[in-house]
Each structure stands twice: as structure tokens, then as C-alpha cells.
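# build me a model:
(chains A, B and C)
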Amino acid sequence: MTTRFFGAPVKRNEDRKLLTGQALFVDDVELPGMLHIAFLRSQVAHARIRRIDVSRALARPGVTAVYTAADLGEYWKAGPLLVPPPPIEGSIFNARTQVPLAKDKVRHVGEPLAVVVADSRYIAEDALDDIEVDLEILPAVVDCEDALNSATHVHDDLGSNMAAHVRQSKGDYRRAAANAHLILKRRFLYEHGISSPIETRGVVALWNARGQHMTIWDTTQAPVFVRNGLAAMLGLGERQVRVIAPFVGGGFGPKIMMFYPEEVVLPWISMRLNRPVKWIEDRLEHFFATTHERGQIHDAEIALAADGRILGIKDVFMHDTGAYDPYGLTVPINSQCTLLGPYVVPNYDSTFTALFTNLPIVTPYRGAGRQHGVFVMERLLDLAAHALKVDPAEIRRRNLIPPDAFPYSNEIIFQDFQPLEYDSGNYEPVLDKALELIGYDHFIRDEQPRLRAEGRCVGIAVACYVEGTGIGPYEGAKVQIQANGKVNVATGIGTQGQGHFTSFAQIVADELGVDVTDVDIVTGDTDQFSWGAGTFASRGAVVAGTAVSEASRAVRKKALKLASDVFECSEDDLVLADGKVSITGISQKFIRLGDLAQRANPMRGAVSPGTEPGLESTQYFGPPMGATANGVHAAIIEVDPQTFDLKILKYVVVHDCGTVINPMILAGQIHGGVAQGIGNAFYEKLSFDEQGQLLNASLADYLLPTALEVPRMELDHTTTPSPLNPLGIKGAGEAGAIPVGPLFAQAIEDALDLKRNEVELLEIPLSPSRLFELTRMARVR
Amino acid sequence: MKPAPFKYIAASSLDHALALKAEHGDEARFLAGGQSLIPAMNFRLARPSVLIDINGLGELAGVERSEGAEIRVGALTRYRSLESDSRFLTDCPLFADALPHIAHPQIRNRGTIGGNLSHADPASELPAVAVAMQARMRIKSAKGGREVAASEFFQGLLTTDIRSDEMLVEIAFPAPRARTGTCFMEVARRRGDFALAGVAAVVTTDAKGRCSQLRLALCGVGETAVDASTAAASLIGQPWASEAIETVVSEVQAMIDPPGNVHASPDYQRHIAGVLAQRAITAAYSRAGHAG
Amino acid sequence: MQVERHDIELSVNGTIYRRAVESRILLSDFLRHDLELAGTHVGCEHGVCGACTILLDGAPIRSCLMLAVQANGHELSTVEGLAGRDGELHPVQQAMHDHHGLQCGYCTPGILMTMTAFLKQNSEPSEHEVREALSGNLCRCTGYQNVVDAMLAAAQTIRAAP
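Model (predicted):
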């Protein structure tokens, strides 16, 4: 096989549609007779529902129906537990999942109370005002530390607000600490925000009573899961339900298979009214109705040898899971596991408690808890470097897992229920490249003293991380050569902008000797491919990509076999290239792939025992465990010492995600991840008041970085293939976003020389106002 | 996020618009650029029952000036036309500093100076600029017209001196003075966001380089634009001295009472108001032709 | 309240449309759902994200902050009108393709409209000028770097064009 496309920066197949306004997004679906839906959402975080009166709304002209939980009857059920907790001995997990419409209690601002169906979204919103709601307002549990001992319980039947309690350990931290040269202990606060894709969520449901068939257009990252779940809820077979995730305008986690109230309620309404219905989340709703990530509080300590080697880490943390926990323990387990990073940590003792609060639900958002752990580890190392008078980059180097130690077991369980084992890696060259690109030695030796003399506050930082990617269970793909010579590929995975239409096509194009533009990829249509999980956990390229590769290989075999029959020659004498099979050395003797596909389905004699018609194959791939990517970010940041605003002067990412399918797409993933990381580190903060009200629910006040906040980035890569899949690839979707918080903290501390004033930045997000307060508190001290 | 129903009337003349406003009073809102009003309506925070669209009233748009006289800006003049009017920016250089801070190009293509000032958002740049420049606000109703000083015009949070039957039709800025330097600066979280604090400074010196007038106004730090010129009283009659500015900074910080918001604590706002006052006054001195 | 409709006539991408619209219909909704020009996207409906940017008489504006009735008598341009009739991409579209300036593509129409107007006025922009011009369009996928590179390249193409 020649690899003309695999590994090349091939331009994207999907671009033309998107650039000309022809791509179909959910809100673009227009159907005759379609009705529009608006949800009445709770204005308060915690209350008992006394009464909901919809009679005035029903009387409004243009309103077809108004429903509350009571109307749903048997259909009203708490949503599924999407990810059960990993089998960790001694752990506690209390599953409480979200409901379609609030029945007895509302548990967070934005939880839906009623739904209006009307001729237009305008009228539906008018009718929301007509609904009378009588609530008994309860105190709200907002702070996850307070939640632990609060007399107010989010779920009354639990008797506490504890969602989970999990301890994992390796080695013996106590003994390690007893022999330590230095122990440092701090409290860290890390808050992540909301994914805020530019396309909000949306659902269109179309029930066809005559055909007994349901079609749902949904902004989901996991259409097959949603199809299976909704079919079961609606009492239909899977073949009676088609879920289409068309072009999805970004997701970053929260658009996964959540079984959001809207996803569950719309198909029911369409069935009930026998009309197509549409709901498009508006930006205000997005702040409450779509899941968040949010905060953890870590009390962590590190035990060190005199030379800076880590002897052990102990961490006890609290995790805010919001009002429900449908996504199980994925986020806090990721924090717990990813904290260990690329370092040798011989002894580790980590315990977390997940707590219910009266805030929107927490589920994975790009990074999915990894940030929180990486922040703790990277900050501990910075503090250790300062205390031991070791250079921050050097203390990292001394602790890196050596290349001959792979596969490297961390002896704890990861989110995929498998042992946390790093498949492959070579970490030091990544650090070296990053230091070289940022000009580390030069900056510290020459630049920084010169800038300081000019009165400028400029600091440098370097942060390391690993990312567990490409987890199971599996994905599949069907590859088919069509009579027109084009290759059709269907997979059950969703897509949200990662370029699957191109990267998968590259794999196929090389295997089948066609052009990338001759490969049509279908993702996110359950009628095209019935099995799969979805796009999350940086797994699309790894898992679905491998399935695509396997299926193409099988089709290639079939094509060569058939051609060898046609030419009455050995398969070894055949060449598959330029969309045709030819005989080696006799290029005029060829048959086009399309013709071959037609021959594979003749009217007579197509099938003999053990064969099947067509040039088609469906293959599945399930990796034994996740593949671990790694990287280093470095930055030089200037801070205005009076206003505490900052400017990033240089930003470097060096990354190793194994074999690369398309470096152009990979770079885009890194750029976008870093931009979200910058938002998280310094701009994006969800500000709740004590009643659980979000005070900045608009894009004017929830600050997504613009082109002026995100700097130019310099990227480089090393390649350590993964042994876990034949292509050697590891995932890359989340890497850019993971280490930006500690990088900012480190660079700002360095720029303002905060250590001199004993100011430590132990929280994210930071802001100019917060930096002012922290430095002023130090001055007062 | 769709607006509640309303009656829409495109005004055919200023008289028509004023007659409609007299008829409908507080139930009606004028629709100019709509860049603050429409978002408020989409959130259903504003629900006027009548919208009087004045975008067709060409007589309300444009800049008029004659040599040595005041500069008259029609209320419907869009930010974009001010930004591209180089003579206006030379005559009113505070605008050259301030306009780029107002949102983004797409907003500046629609938003109008009169709409901005009538909306009276305390974190907006232009009210402070108008106060610093001692603009005169010309207001009309069906019954007649009147004029109000900018410092009297802004009365509170989103509240002006405009009565329910009136419209701000023109803003007059004094003719440029010799030996005058100006500067507007702000701190916002991102370019285009509302200011966490902003300072407009206008410094005029006499022939010997002594400060003869210093106008200072702040945005973002109170319920309305703050006229802080009295904080600089000690500089009047004095030659440039950087130490003297320190006094002004503490006076400014003492006279404001910032509310704080999700992005900034009141203390931080007070702090940067001082920092900006110092920087803006220094820059204005320098632009007036003196050391700074 | 009685639903009040207004007859309007406007041109979009050179085609004249006559419709009766309710006062409160936003221009973004009118374009997308009445004229079925769904290439213009809606991201926030409060004028921050820029996804709904279109050209009104040649100048970029937020179509979510204008009423459809206000477009009466105006000339509008949307993403559907950018490519040539033969399908040839506009230099700005082509550069976005060449430089991987889009991922999910949802914010892309707004960026294209903002930047075609910008490059018409300033075909020799610095990187900082490009970033300033772009700052009213939020993108959550690309980190902007490839968009900026695309715009600098498009400027070059536009300058070189006869």
C-alpha cells in the first residue's frame, strides 16, 4: 500500500458545503406543518413545586399544546445512568439522573417545568409568560464544600449530598512521606467552565404515524446511543427510529448522549400530536440547560527527596457534580488519574467526594477533569522547585518516566474501567523541544533581566501533561465501493468539526487507491450505520479510524480477488491505484473499481457458498485500553503590574499523539484546545450567587476569547506510535486545553515575581481583579 | 430569545416621530441603531409596545461644523461615520481614542451616538467623553426644543434628562482649543467589552505651559458617567509635575464609589480608575505639547 | 394583540424578494426561515458572537439585532452569494479552505461576511488589523490562527487580482 494521503496535510472534503452555506445543521431542517417549542424553566435553584397552571397559555392563539410532568404519564422517567462507576473497591456511588420535566422539586435554575408547543418560537415564548407556577422556595446548595455538611439536601431521599466517594492508591504514601526531605501541602481550586459551542443544542422530531417511524435530528455527538435509548423509551424497535446528527456546530463534550429533557420530550410530543416539532436552544438557555464542567477543591501534598524527585502525592478533593450525576464518575476519575502526569510517582493516595449541588449538571467538557488534576500536579512541582531552589523545567525533567519503562502501569483504574497503563511514550525529547522553541535558557539568562531592568514584568512557564485517549468500547465502519467508482464509508460515530470526512477518507484512499475526494463519509446517521458509541474522549480517529482502516483493507482484498478472477492472474500481479486495478507492468490492462463493483453483483452467479456480493465490508475495532498521548506547553507572558491585564508574547506546544493522520487537522485541534484553555485560565468564569443564580448568563459577560486574546502558537511534534492499534495513533482532541491553567499561574507568578512576596496562585480561573486582590492581600499580610 | 410583540412605525419625519412619541409616551421607544435596545428586547428585558423607527430620518445624521464654531453631531450619526471622518477625529480627538473601544465593527456600523447617549449605560465610553468635552445635548419634543449640559444630562443608571415625549436630536461639542491635549483610556476584559473603568481627560495649558483647564470624566465606576474634574483642581495654574498627579489620583479614588461586577471588585475598579487617571492625564499633557 | 404585518421588498444577493412580515421578526430569522437562506447562522441573538453577520448595503451588521421590516428597501448579501455562479469560491472562501480556517464551520459564514467587507476596504492589513477586524466573530474551534493566516493570504490574492 502506498501512503499518499495518510500523514499528509490533506485539505478537507467537508469545507465546500460549510463555506458556501450549504451544510445542513439541525436548525436548518424545515418540515411542512412543523410546530415550535419553548420550555418554561425554573427561575430558582431549589424549590418544591406546589402547582403549575397552564390554562392561560393554552388559551393563547397559536398555541397547540402545553405539557407538564403530569401529562407525560408512564413516559416520565429519570434518565439513564450513562456511565456506571468503575469497579473500584470500597467506592460509593449514588446515581440520581435528570428527569424530562421537573415533577416534585426543581433542583437547579433552568430545569424545565413545562413545555409549550406553538405555531412559532415567538408565540411559544409569549405563552411561557402565561403559565402560572407556585413554588415553595428552598435554600440552595451552591458551594460544594458546604454541601458536605448542609442540612439542605438536593435529593431528599439520600439523607446527604454525597454523590460518590472513591479512594485509589498505589504504594504507601505514609511511609514515603516519613522519609521525605520536604513535604508541601496546599489547597487548590480549579473551576472549568462551559463548552459554549457557537451552535447551541437543538432537536427536530418527526413522527410518521402511517409508517410508524420516528426521525430525530439532534445535535448529538453519539447518535447510536441516543437512537437506542429513545427507541426503548418510546416503545419502538431500533429500526423504527432514525437519529441524524447532521453537521454539528461544535460540542466539546456536552453534546454527547445526555438524554437531555429536550431530546426525550420532543419525540414524545411529535408522536402525541402527529406533527413535526422543533426546539432550538437559545443562548440564554444554553447557560443552564446544557451541562457544565465546573469546580473541584483539592487538598494536596507532595513528598520530595532533596534532589526534587517525587516520593509520593496525597490528594483529597471535592467535586461539584451539580444537581444530577448521569455521567457517573468520568470527570473526577479523570482528575484523579491524570494528576499523575508524565512523572514517576511511586506512592499515591487519592480520595475524592463528589457532591450534589443546586447547580446545572456537570459532565465532561474538553479535558473532562484532566485539567483539574494537571493543575494540582504542575503547581506542586512549581512550589517544590521554588522551595528546593531547582529550576522549574529541571524538576520536571528529573521526574519524567524514562522511555524504557513503557508500558508503564500506574496501578489504579482509569475511566474506561481498565488499569491506568501508559502504552508508550518518550517524554524527555518533548520537554527538550518545548524548551528550545520557547528559548528557555536564553530568556532566563538574558531576556528577563533586560526586561526587568526596563521595568517590564515578563514571565516564562512550562507545563507537562498526559492525556488518556482513544478508549473503548468500540466503533465500526462499513466501506463500500459503488458502481460510480466512489467509495462510501459509514460509521456510527458523530462528528463536531474534527475533520472526520477527510481523515477517514485519507485512510480509505490509500488502501483502495482512490482520491480523497472520491471517498464520501457518512457519520451520525443511524440508518447508515447501526452500531457505535460516539465522539468523545479523543477517540474518534483512534477507534473509528482503525475500524475504517480494517474495513478498507477487507474491501481491498475483495477487489483484488475479483480482479484476479477477471484477469485470470495472481493477486500479486495486480496494482490498485488511480481508481482502477491493473496488471503490474501492463498499465493498459485495467478494470475500474466501479466496474469491478458492478461485477461483484451480477445477475447470475454472484454468490457461491462462503462469498457475498458487492465490494463491501463492515469491520469493528475495540482497543484493549486507552492510548496515552503527552505534551508540553510553554509560554512567555507579560503582565501590566498596575492593571494586571496580560499579553501572551509567545506560546509553544510540543505534542506526541503517535502516528499522525493529518497534521493540518491535528494543528487545528491543538490551536482550538489552547484557545479554550486560555479562556478557562483567564477569561471564562461562571459566577453564581448564593441562591444559585448565574450572574453572567450572556456572551457579553461570559468571556469567550476572541482573536485578540488568543496568540499565535508555535507547534511541534514527536512521534511515539501506540502499540494498541495497527495505525499507531493516539487521540489529540483535548490535549490543547489541558495544561493552560498551570501555565498561566506559573508565568504570571514569574512575571510579577510573586514568590518574593509569598503570593502563590493556587486557583483557576484568574483575572486582573483577582490578581489585584491576591497581591494586595499579600501586601497587607 | 425572541422579542415580545410590538407595533412598528417607521417615522417619516422628525415631526412625525415626535408626534408619535407624544402620543405613546413611555410605551414607545425610538429605534435608532438598535444595538442595545434589540438585545434587551430579545432577552425580553425591554418590552416596548410601540417602536418608532427613526432610521429613515436623514436630517438627524451627520456632522456639521464651521470654522471656530461648535461641532454639531446629529443623533443618528453612526459610530462608523464618525470613525471614518478624519476631520471630526482631529477636532474631537477623544473620539479617536474612544470609538475603537465600542464593541466591534459590525456594531459600530449600526450603533448611533444619540442612541448610545440616550441609553446612558454607565460603562459605555461616550457618556464620559461627552461629559469631559462639556458637550451640549439638544433635545426636542413636539412642543419645542431645549439644551442640557452633558453633566446634567446623565441622571442615573440608564436614566437621562430626556422626558417621555422628547428625543435627543443633536450633540454639540465645543470648538477645538489651542494648547489642548486629550486622552481616553479604559480597562476592559476583552477589547470591545464594557469598561471596568475608563477615563477621559482634556488638558488645556496657557502659553507658559501652566494648566489652565483640566476636564476629567470616568465611565464604568458609578451609576452614571462621573465628572471628576474637581479632583484635578490642584493642578490648575500649575506647570506640569508628575508628582502633582499623585494627588489627583487619590482624589479621584476618593470621590468614586464603584459598584463592582462579575469581572471586577469595587476595590479593583477604584484602583484602576486611579491608574487610568494618571496615565490619561499624563498622555493628555503630552499631547498638549508638554512633558508627560 | 392583533398580529401586525408589513409589506417589505428587499434584495438579497441580487435577487428581489417581496414578503409580508410581522413587526417583531428578526432579520436573522427572516433570512433563515422565510427566505430559506439558512447559511446565515444564529449563535447568541444578543449581538456578541457574530455568526449572523451579513452585509447591509455592503457593510457588515448583526442580522439578529435588526428587524426584518427594517431591511425594507435595502440590499443584503449573505454567504450564499459569495461564490461565483460557476461555483468558483471567493478568494476569502478559498483561503479558508487552503489554510484550514474552519472546523465545525458554524461561525464561518459570519467570519466570511465580516472579512470580505474588511478586505475590500483594507487589502493590505497587518496581522493585528486582521485580528481586530475578526474580534467581533467568536469561533470556539480554531483558536483563530488559521483564520488569520487565511485572511492574510486572501488579502494577497485580492491585491494580485487584476
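# so how far is A:Val66 from A:Ala102?
Plainly put, A:Ala102 is 15 Å away from A:Val66 if you go by Cβ to Cβ, to the nearest Å. To be clear about C-beta, it is placed using only N, CA and C from the backbone, and glycine gets the same treatment.
# count the neighbours of the residue of the stretch 1-150 of chain B found nearest chain C for me.
Chain C sits closest to B:His104 of the stretch 1-150 of chain B, with a gap of 2.6 Å, by Cβ to the nearest Cβ. By other Cβ atoms under 10 Å in any protein chain shown, the residues close to B:His104 number 24.
# in what helix or strand does the nearest residue to it once chain neighbours are set aside lie?
Spatially, and ignoring its direct neighbours in sequence, B:His104 is nearest to C:Gly136 (2.6 Å; Cβ to Cβ, 6 or more residues apart in numbering or on different chains). In the assignment (DSSP states H and E), C:Gly136 maps to no helix and no strand.
# how many other residues sit next to C:Gly136?
26.
# name all residues that make contact with it.
Contacts for C:Gly136 (Cβ atoms under 8 Å, 6 or more residues apart in numbering or on different chains) come out as A:706, B:103-107, B:192, C:50, C:53, C:114.
# lowest-confidence entry in the residues you listed?
For the contacts of C:Gly136, the weakest pLDDT value sits at B:Gly192, with 91.
# and it, what is it in contact with?
A:706, B:101-104, B:107, C:135-136.
# can you point me to the longest helix in chain C?
Counting residues, the longest helix in chain C under DSSP state H turns out to be helix C:145-160.
# next one: residue 99, what pLDDT does it get?
Looking at chain A here, since you left the chain open. 97.
# sorry, should have said chain C
98.
# ignoring the adjacent residues along the chain, who's closest to it?
C:Ala150 (3.9 Å).
# that older thread, among the contacts of B:Gly192, the buried ones, what's the ChimeraX command?
Command for ChimeraX that selects the buried part of the contacts of B:Gly192, burial taken from 16 or more other Cβ atoms under 10 Å in any protein chain shown:
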select /A:706 /B:101,102,103,104,107 /C:135,136
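# identify the farthest-apart pair in the contacts of B:Gly192.
Pairwise distances across the contacts of B:Gly192 (Cβ to Cβ) peak at 14.8 Å, for the pair A:Thr706 and B:Ile102.
# my guess is B:Val262 meets A:Asn696, correct?
Yes: counting by Cβ atoms under 8 Å, B:Val262 touches A:Asn696, with 4.6 Å between them.
# if I look at these two, which residues touch both of them?
A:685, A:687.
# return the set of residues that bridge with A:Tyr422.
A:Tyr422 has these beta-bridge partners by DSSP bridges: A:Tyr408.
# flag the shaky bits of the stretch 601-750 of chain A, pLDDT-wise.
By pLDDT under 70, the low-scoring segments of the stretch 601-750 of chain A are A:604-606.
# tell me where chain C has helices.
Here chain C has its helices, by DSSP H, at C:27-29, C:91-98, C:108-121, C:127-134, C:145-160.
# reformat these as a markdown table; add mean neighbour count.
Below are the helices of chain C laid out as a markdown table (neighbours: other Cβ atoms under 10 Å in any protein chain shown):
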| stretch | mean neighbour count |
| --- | --- |
| helix C:27-29 | 24 |
| helix C:91-98 | 22 |
| helix C:108-121 | 24 |
| helix C:127-134 | 19 |
| helix C:145-160 | 20 |
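# that older thread, helices - which of the contacts of C:Gly136 land there?
Going by DSSP H, the helices hold B:105-107, C:114 from the contacts of C:Gly136.
# who in chain C is up against chain B?
Neighbours of chain B within chain C, by Cβ under 8 Å from any Cβ of the partner chain: C:1, C:3-4, C:6, C:22-24, C:26, C:29, C:45-47, C:50, C:53, C:56, C:59-62, C:64-67, C:69-70, C:72, C:114, C:118, C:132-133, C:135-136.
# tell me how chain C divides into domains.
Under the assignment automatic domain parsing, the domains of chain C span C:5-81, C:91-160.
# turn those into a markdown table, columns for distance to A:Arg48.
Below are those laid out as a markdown table (distance: least, Cβ to Cβ, whole Å):
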| stretch | distance to A:Arg48 |
| --- | --- |
| domain C:5-81 | 33 |
| domain C:91-160 | 37 |
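# quick one: what helix or strand has B:Leu82 in it?
Per DSSP H and E: helix B:79-83 holds B:Leu82.
# then A:Pro267?
Per DSSP H and E, the secondary structure element for A:Pro267 is helix A:261-273.
# each with direction, which strands does the next helix or strand after that helix pair with?
Sequence-wise, the next helix or strand downstream of helix A:261-273 (DSSP H and E) is strand A:277-280. Under the criterion DSSP bridges, strand A:277-280 sits next to strand A:35-41 (parallel), strand A:202-208 (antiparallel) in its sheet.
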